[in-house]
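*Asks:* When you get a sec, could you give me coordinates for this:
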Amino acid sequence: MDAKPHPQPPEFLSSYRRRMYERYATHWQDGAQEINATRLRAHAKAYRYYFRGWLPQNPGAAIVDLGCGRGLLLASLTGYGYKNLKGVDISPEQVELARGSGTEVRESDAVAFLEANPEAFDLIIGLDIVEHFHKPDVIRFLEAAYKAFKPGGRLILQTPNADSPWGTMHRYNDFTHEVGFNPNSLSRLLTFTGFTAIEPRETGPVPWGYTMASTFRYVAWQLIRAGLKFWNLAETGSTGSGIFTRVFLISAGRE
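*Replies:* The predicted model follows:
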């Protein structure tokens, strides 16, 4: 499966961040926090809603989670019934934690991994990863993801949202973040690198099937969101993307 045994890593791997990624879970992800059953159930419920209509119907679909961290999403995907899962993370500490999820996890940078595995995956997921690249490596990452799809494959990314009033806080919440996006800029980059069927999506409160408190928060969020759209309309004559959560998801496909 590894067609290119020695791909060249992105430029950023020789920088100060190599040192930070050694203990990324401890210093940047509150590594002492355990993934218990309650936290896993909450995550699985939320992302089942956030990923609605985007996940493969085939439980044997080849799925990779890039920047898999401690394996929370991998464990959720296993709970959804998927069996052909892989995780990738550059941090040895994160990899060690993620292997507890029971899935195959490799220590590698995401770009080199994708470049070594052309036309291998039905679904590529990268939550909170694309903002860590320098601009040239963002392009290289997206091009590598496109080539790593099987025909009909899908990419799902999550990243801080520059359109959110809280987006700047989230953008600078991690010293290793290098670039910021809003739905428009990332959609245009995906189009530029060949993707189609691009759909951005909020990651706000879940309206049903989560908790009663989340349902009430969802209603309140719709009112706040309407106000933000009106603000945009009054200032610019347009409501903008209409996506104002502090992080957003975006899906893109390959024909």
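
*Asks:* Please report the distance of Thr176 from Tyr218.
*Replies:* 32 Å (C-beta to C-beta, to the nearest Å). C-beta coordinates here come from the backbone N, C-alpha and C atoms, glycine included.

*Asks:* Hmm, I typed the wrong one, I wanted Asp137.
*Replies:* For Asp137 relative to Tyr218 (C-beta to C-beta), the value is 36 Å.

*Asks:* What ranges does this protein have for its strands?
*Replies:* Assigned by DSSP state E, the chain shows strands spanning 63-66, 85-89, 104-107, 121-127, 149-160, 196-202, 247-253.

*Asks:* wait, which of those strands is closest to Ala42?
*Replies:* When the strands of the chain are compared by C-beta to C-beta, strand 121-127 sits nearest Ala42, at 15.4 Å.

*Asks:* And that closest one, what does it pack against?
*Replies:* Contacts defined by 3 or more C-beta pairs under 8 Å, 6 or more residues apart in numbering; DSSP states H and E place strand 121-127 against strand 63-66, helix 135-148, strand 149-160.

*Asks:* Deepest-packed of those, please.
*Replies:* strand 63-66 (a mean of 26; mean count of other C-beta atoms under 10 Å).

*Asks:* That strand - contacts with which helices or strands?
*Replies:* By 3+ C-beta pairs under 8 Å, 6+ apart, strand 63-66 packs against helix 72-80, strand 85-89, helix 110-115, strand 121-127.

*Asks:* low-confidence ranges in the protein?
*Replies:* Residue ranges of the chain with pLDDT under 70: 1-15, 26-35, 101.

*Asks:* The longest helix anywhere in the chain relative to strand 196-202, how many degrees between them?
*Replies:* Ordering each helix of the chain by length in residues (DSSP state H) puts helix 212-236 first. With axes from the mean of the first three to the mean of the last three C-alpha atoms, to 10 degrees defining the directions, helix 212-236 sits at 110 degrees from strand 196-202.

*Asks:* So what pairs up with the spatially most central residue of the chain in the strands?
*Replies:* Centroid-nearest residue in the chain: Leu127, 1.7 Å away (criterion: C-alpha atoms, centre = their mean). Beta-bridge partners recorded for Leu127 (DSSP bridges): Gln158.

*Asks:* now the helices and strands packed on strand 63-66 as a markdown table including distance to His43?
*Replies:* Converted to a markdown table, the helices and strands packed on strand 63-66 look like this (distance: least, C-beta to C-beta, whole Å):
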| stretch | distance to His43 |
| --- | --- |
| helix 72-80 | 5 |
| strand 85-89 | 15 |
| helix 110-115 | 21 |
| strand 121-127 | 11 |
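
*Asks:* okay but Leu186 is in contact with Pro200, surely?
*Replies:* Yes - using C-beta atoms under 8 Å, Leu186 is in contact with Pro200, at 7.4 Å.

*Asks:* roughly how far apart are the residue nearest to the centre of the chain and Leu77?
*Replies:* 12 Å.

*Asks:* for the closest residue to Phe51 other than its chain neighbours, what are its contacts?
*Replies:* Excluding the flanking residues, the one nearest Phe51 by C-beta to C-beta, 6 or more residues apart in numbering is Ile156, at 6.8 Å. Contacts for Ile156 (C-beta atoms under 8 Å, 6 or more residues apart in numbering) come out as Phe51, Trp54, Leu123, Ile124, Ile125, Gly126, Leu127, Leu249, Ile250, Ser251.

*Asks:* Considering those, which is situated nearest to Tyr82?
*Replies:* Distances from Tyr82 to those, taken by C-beta to C-beta, are shortest for Leu123, at 8.8 Å.

*Asks:* The closest one: neighbouring residues, count only.
*Replies:* 24 (other C-beta atoms under 10 Å).

*Asks:* For it, which non-adjacent residue is spatially closest?
*Replies:* Ile63 (4.5 Å).

*Asks:* hang on, the earlier thing: shared neighbours of Leu186 and Pro200, anything?
*Replies:* Ile250.
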